[in-house]
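> No sequence on hand, only this structure:
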């Protein structure tokens, strides 16, 4: 399964984003870290994508077919940012993989497209979505 938040027992950032710093930490964070951390929230499904990636498109198809509550599913196109490479570097730190899609269910990264398909086939995907209250 995917990596939990930072994978090292670190506390995930709160829902409140503080420019330049993570709550409870003294070291400054990069714009990429702040961007990613602000997107990932406990009750949401967030997917970091590139629109030309076939695995990203498949992930979007799978998730868009599910009865996820309005506003709780977000696809974040990292190609529209000025710091795409930094975002991917931070995703590598956070999840162990730099590739997209990177799928977060709540604050947990479950991996990419193949991981999502495996979870869908096993029934675990719907279970996880119910656990975070994302299903209608």
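Yes, it's here. Note that the structure is predicted; figures quoted are calculated from it, not measured.

> okay, CA-based contacts and neighbour counts for the rest of this
Will do.

> which strands and helices sit next to the helix or strand that contains residue 34?
Secondary structure from DSSP states H and E places residue 34 in helix 31-39. Secondary-structure packing of helix 31-39 (3 or more CA pairs under 8 Å, 6 or more residues apart in numbering; DSSP states H and E): helix 84-95.

> Next, the buried residues of the helix it packs on.
By neighbour count with 16 or more other CA atoms under 10 Å, helix 84-95 contains the buried residues 86-91, 94-95.

> contacting residues around residue 59?
101, 113, 116 (CA atoms under 8 Å, 6 or more residues apart in numbering).

> secondary structure element for the residue nearest the centre of the chain?
Nearest to the geometric centre of the chain sits residue 104, at 3.2 Å (CA atoms, centre = their mean). Per DSSP H and E: residue 104 is located in strand 102-105.

> Show me what that strand pairs with in its sheet, parallel or antiparallel.
Applying DSSP bridges, strand 102-105 is found paired with strand 45-49 (antiparallel), strand 108-111 (antiparallel).

> quick check: mean pLDDT across the helix holding residue 34?
Helix 31-39 comes out with an average pLDDT of 95.

> My guess is residue 129 contacts residue 135. True?
Yes - applying CA atoms under 8 Å, one finds residue 129 in contact with residue 135, separated by 6.1 Å.

> ok, those two, which is more surrounded?
Taking other CA atoms under 10 Å, residue 129 and residue 135 do not tie; residue 129 has more neighbours (20 against 16).

> Tell me the buried residues in the helix or strand that contains the more buried one?
Using DSSP H and E, residue 129 maps to helix 124-131. For helix 124-131, burial by neighbour count (16+ other CA under 10 Å) applies to 125-126, 129.
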